[in-house]
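**Student:** sequence and predicted structure, then a few things I'm wondering about:
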Number of protein chains: 4
Amino acid sequence: MPLSPEQQAEIDTLRATPRPTLRAVAEGMEAHLYRPAPVLDHGFVRVIDYMGDDAAICQAARVSYGRGTKSVSNDAGLIRYLMRHWHSTPFEMCEVKFHVKLPVFVARQWIRHRTANVNEYSARYSILDREFYIPAPDDLAAQSTTNNQGRGDVLEGPEAARVLEMLKSDSTRAYDHYEAMISQDGQQGLARELARMNLPANIYTQWYWKVDLHNLFHFLRLRADAHAQYEIRVYADAICNIVADWVPAAYAAFQDYRMGGATLSATALDCVRRMIRGEAVTQENSGMSRGEWREFEQILRESEA
Amino acid sequence: MPLSPEQQAEIDTLRATPRPTLRAVAEGMEAHLYRPAPVLDHGFVRVIDYMGDDAAICQAARVSYGRGTKSVSNDAGLIRYLMRHWHSTPFEMCEVKFHVKLPVFVARQWIRHRTANVNEYSARYSILDREFYIPAPDDLAAQSTTNNQGRGDVLEGPEAARVLEMLKSDSTRAYDHYEAMISQDGQQGLARELARMNLPANIYTQWYWKVDLHNLFHFLRLRADAHAQYEIRVYADAICNIVADWVPAAYAAFQDYRMGGATLSATALDCVRRMIRGEAVTQENSGMSRGEWREFEQILRESEA
Amino acid sequence: MPLSPEQQAEIDTLRATPRPTLRAVAEGMEAHLYRPAPVLDHGFVRVIDYMGDDAAICQAARVSYGRGTKSVSNDAGLIRYLMRHWHSTPFEMCEVKFHVKLPVFVARQWIRHRTANVNEYSARYSILDREFYIPAPDDLAAQSTTNNQGRGDVLEGPEAARVLEMLKSDSTRAYDHYEAMISQDGQQGLARELARMNLPANIYTQWYWKVDLHNLFHFLRLRADAHAQYEIRVYADAICNIVADWVPAAYAAFQDYRMGGATLSATALDCVRRMIRGEAVTQENSGMSRGEWREFEQILRESEA
Amino acid sequence: MPLSPEQQAEIDTLRATPRPTLRAVAEGMEAHLYRPAPVLDHGFVRVIDYMGDDAAICQAARVSYGRGTKSVSNDAGLIRYLMRHWHSTPFEMCEVKFHVKLPVFVARQWIRHRTANVNEYSARYSILDREFYIPAPDDLAAQSTTNNQGRGDVLEGPEAARVLEMLKSDSTRAYDHYEAMISQDGQQGLARELARMNLPANIYTQWYWKVDLHNLFHFLRLRADAHAQYEIRVYADAICNIVADWVPAAYAAFQDYRMGGATLSATALDCVRRMIRGEAVTQENSGMSRGEWREFEQILRESEA
């Protein structure tokens, strides 16, 4: 994620000039502002702006005239209560704006989360940079043999080399042709809005993405999950690090109730009750399908981690 | 809108302690923060927090690394262009949070604007205050004789007095009974979630309301409009005053293109072209219905104001 | 819920004339169409239109050219998988439109669910009917002594009588004055948009409400829950009955995974694992607060119901 | 857009079996159901389901018990009134579901319209087909010399040939390599979720897209507009043809007020008034920028078309 000297200078300028405000300030977030956290080979996530903090969640929940804070521990308890009971509106009272650089195929997954505001770099208007995601050797995985929608072992030896060679050479050729098509040197030059269609899905794009904390948590629950594709999960992980510094109490509640928690069906709860009573419950007498039972065992096993 | 001394003290505390931030700061908005702008007899609007400024709109439109500002006049031109061409996403990059105190019947209209975040004071959990909207004599209007959905002349003499007397005495009685029902003095006390149903729609409630600038403009276009009910229009007007100080360039563009502008149908545009060519266009040869023609004439007449 | 003969005739007309369609048809839903299911003393829920069925959920999940159904059991398995893994978009592919008559204070809770389309009867434009919700004696509950936001025992004897008398007489007086204010008999007549503010929150309103199945399930999970206020829960229950006939497989999955299921925190899951291993876990060594532990015990106890 | 015999057979099956329903039926839409309208070289739009018709818009606006229709002309008048006054909620009471096959770069523009439901074919789970958009010679346009975001003249002679050759050969090579990478013939086979990143943006994808009529009109206003990129405009045009048969009155109002209409700023309205009074208004004395004046002249000129 090499920033150009001009880009770095712009960031330095922004960080050099604190100004007084009467708004809620989250110290942990001020330290992150504008600084890119590198993700994948050329991507990043950086915070551009934020609104609110842990106290703002409580203030809205109490519809109070002042900060609404009684004490830090009191606030943390209220936040846990709100999270546990799915009271989502107070979390919507915090907002954050990111600048993200990411491969197009990651952007296509990301954009499915609709309750957010987005401004993407326009390839109709501007020329895209020559930057492509090429996986590190350890991230070059084979198709999973058990999960149609996942990946399995790391590719080995010559196969890995062949794949990397194809990805690199196709990216290079596609971009060379993109440049050749839009060039106005001795020819008319194809419209940018058409030429871009030759570019593969591992090219990087960038956008401003603004979202409230409730919807961000929803995004993180799905995308920081072990079943998410690795290439979007690393973005979610980078955002988790930032959110932990922004709203520590809300993030801790999110970790406990959402990321580390699990939703059990009525059937699964019934099995849990039988197991606590000492009954030997197996898939056969559980009332669950094989797939469901496997997931249920997984949940019960995770303690040993 | 009498704040209690405790409430005023909370506001004073918040305004007394500026803190440094690296975020975009809008000086015009800092002056408004936390201070209630009075609306109607007991209501108010006050800004609790904001994100972004005019430059942030341009920064997002350009997906830039720094502030994105080339010059103030350049930014204003870009903002006008974005507004004119309905490019709404850059305006969504600014966000504002209000604390509003308002009569329930106004709240019921307001909440129809769905793309916003709301935390309302809970009458299941808490006891409502004894505060009711009683219109000023000049705002006590008769049903319009031409518009089923509007109001006409101001009520006169004894009729106005009778109406005020009914509104006041019914509010008082309803609240007395509300208190009597929830009282636990010598009786069990009715559940608050039930007792509240006795309260009329002119009682005041309050909420935190958070919205992005694009959706706020949409709200203001409909609710600061001459056809909006007076009691919500005064809230929209109070918000307009605040927004004008927050994002002056965006607000000026909004005034020119939305509030002061008009959408003409294909039929109306055709009439305009004929009129510019000197043709005498009347309702009969306009292709418009009578109601539509009346509205069209109104648009053309407004210049003389 | 007395329909007028005219209203009943309109409904009979609509049900008398089946027409051929090539769309997906849900027999269970056709039986409900237009017929009001009574709720509370004057309210109802009735289905006006619907789109899709269980097979449509699978068809969208598979992005298939035809109905997408392999077999009914295969479809039910896919639907359970989608529900278990929070794949919400296929459920959004079904849509339903209700006509609901409900007290205003219920409408105010309901409308907080923003991802839906609403057209409410306009009290600016029209005159409201003289219909108020007066609780049945068994539903007249005292404030809960343990839950600020709930109700406890049923009110007894003279207190109940006093409350009913207040609710009835205040409703009657408020409506008498509403009529007196808008009357144009010998006076100008107050604007309807103003006069309505005298009416209490137990007056009935009505609206058309249209929502997709995913968001409807979210509404039902919160509002058919034991912690929801009784007066909205009965509407949610009436809708549950309808949905069960519309999309039986999706509704069964919803019952198992959402209504009958529970989300356990990481802390709670850890306790479950310890209990299964035979350890004696108490609130003190659980890592949970007292409130949280009470809720956890409740979840484990429910099996005995 | 060659459907396979299996796909055609599935569509024929669906069209062969009308079933009785009590819901609103739009004859014009029944004729379209399931049949693909071809768009571009391999794409299509086809209606999968719909809810409501012109009368349903009026029924919701009136919150009525029956169909709400007084007469067809009365309904058309009400619909025009609702459209003119931006009463959007009654239009939200109609819903439509499309199955669309479209190039990825078109899908990326389309998805920015967030108020809709989408299920896209999953390239993590499934293997994409070898189908790419290659523009017809007449659609191979040069970059506009006046508009950074548009296209100008058609490319000529050898340049056009070179561009087509690059697009075709790069698509072919990218897909060959995609197949080679995922192949499990003598190798592990790269995960599908990774291999897809080699595919260019002109590959076709498909999705189910469901939207209400109000938001569909918003989409059509922006995407059937002359400034939209040609490759998405042809999809919008195909949808316009369908909507015209579904809700003829609403579509006619949309054409008059939105597609054929224009929004004039306060400044522009003032110019119109001066021009009608016979004044010679030029850019210099108009108060508009050059770009704005050019667009204003364009609006006034369009009559001559």
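**Tutor:** Thanks, I have the structure now.
**Student:** could you use CA atoms for every contact and neighbour count after this?
**Tutor:** Fine.
**Student:** now the stretch 151-300 of chain A, which segments are flagged as low pLDDT?
**Tutor:** Across the stretch 151-300 of chain A, nothing is flagged by pLDDT under 70.
**Student:** any chance you could map the strands in it?
**Tutor:** In the stretch 151-300 of chain A, strands defined by DSSP state E, counting those that start in this stretch lie at A:151-154, A:204-212, A:262-264, listed in chain order.
**Student:** given the shortest one, what are its sheet partners and their directions?
**Tutor:** Meaning strand A:262-264. Strand A:262-264 has the following strand partners under DSSP bridges: strand C:262-264 (antiparallel).
**Student:** what does the partner strand contact?
**Tutor:** Residues from elsewhere that reach strand C:262-264, judged by Cα atoms under 8 Å, 6 or more residues apart in numbering or on different chains: A:257, A:261-266, A:269, C:299.
**Student:** pLDDT on stretch A:60-73, on average?
**Tutor:** Within the predicted structure, the mean pLDDT of stretch A:60-73 is 78.
**Student:** stretch A:146-166 close to chain D?
**Tutor:** Yes. Interface with chain D: stretch A:146-166 contributes A:148-152, A:155, A:159, A:163, A:166 (Cα under 8 Å from any Cα of the partner chain).
**Student:** which of these lies closest to C:Glu6?
**Tutor:** A:Gln149 (56.2 Å; Cα to Cα).
**Student:** and that closest one, how many neighbours?
**Tutor:** Taking other Cα atoms under 10 Å in any protein chain shown as the criterion, the count of residues near A:Gln149 is 19.
**Student:** what sits against it?
**Tutor:** Each residue near A:Gln149 by Cα under 8 Å, 6+ apart is listed here: D:124-125, D:193.
**Student:** please report phi then psi for it.
**Tutor:** Per-residue torsions, A:Gln149: phi -110, psi 30 (degrees, to the nearest 10).
**Student:** relative to chain C, how far out is it?
**Tutor:** Relative to chain C, A:Gln149 is positioned 13 Å away (Cα to the nearest Cα, to the nearest Å).
**Student:** then A:Leu33?
**Tutor:** To chain C, A:Leu33 is 31 Å away according to Cα to the nearest Cα.
**Student:** I figured that residue was touching B:Ala24, is that so?
**Tutor:** No. The pair formed by A:Leu33 and B:Ala24 falls short of the contact definition of Cα atoms under 8 Å, at 10.9 Å.
**Student:** leaving out chain neighbours, which residue sits closest to the residue most central in space within chain A?
**Tutor:** Centre of chain A computed as the mean C-alpha position; nearest residue by Cα atoms, centre = their mean is A:Ala236, 2.6 Å away. Spatial nearest neighbour of A:Ala236, excluding adjacent residues (Cα to Cα, 6 or more residues apart in numbering or on different chains): A:Ala224 at 5.1 Å.
**Student:** is chain B contacted by stretch A:78-94?
**Tutor:** Yes. Using Cα under 8 Å from any Cα, we find that stretch A:78-94 touches chain B at A:89-90, A:92-93.
**Student:** going by neighbour count, which of those comes out on top?
**Tutor:** Across those, the neighbour count under other Cα under 10 Å reaches its highest value at A:Met93, namely 30 neighbours.
**Student:** so what's the residue lying closest to that one once chain neighbours are set aside up against?
**Tutor:** Among residues not flanking A:Met93 along the chain, A:Ile57 sits closest, at 6.3 Å (Cα to Cα, 6+ apart). With contact taken as Cα under 8 Å, 6+ apart, A:Ile57 is in contact with A:79, A:90-91, A:93-94.
**Student:** export those residues to TSV and append columns for distance to C:Glu295.
**Tutor:** Rendered in TSV, the data for those read as follows (distance: Cα to Cα, whole Å):
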residue	distance to C:Glu295
A:Ile79	16
A:Pro90	22
A:Phe91	22
A:Met93	27
A:Cys94	28
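**Student:** would you reformat these as JSON lines and include pLDDT?
**Tutor:** Formatted as JSON lines, these follow (pLDDT from 0 to 100):
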{"residue": "A:Ile79", "pLDDT": "96"}
{"residue": "A:Pro90", "pLDDT": "97"}
{"residue": "A:Phe91", "pLDDT": "98"}
{"residue": "A:Met93", "pLDDT": "97"}
{"residue": "A:Cys94", "pLDDT": "98"}
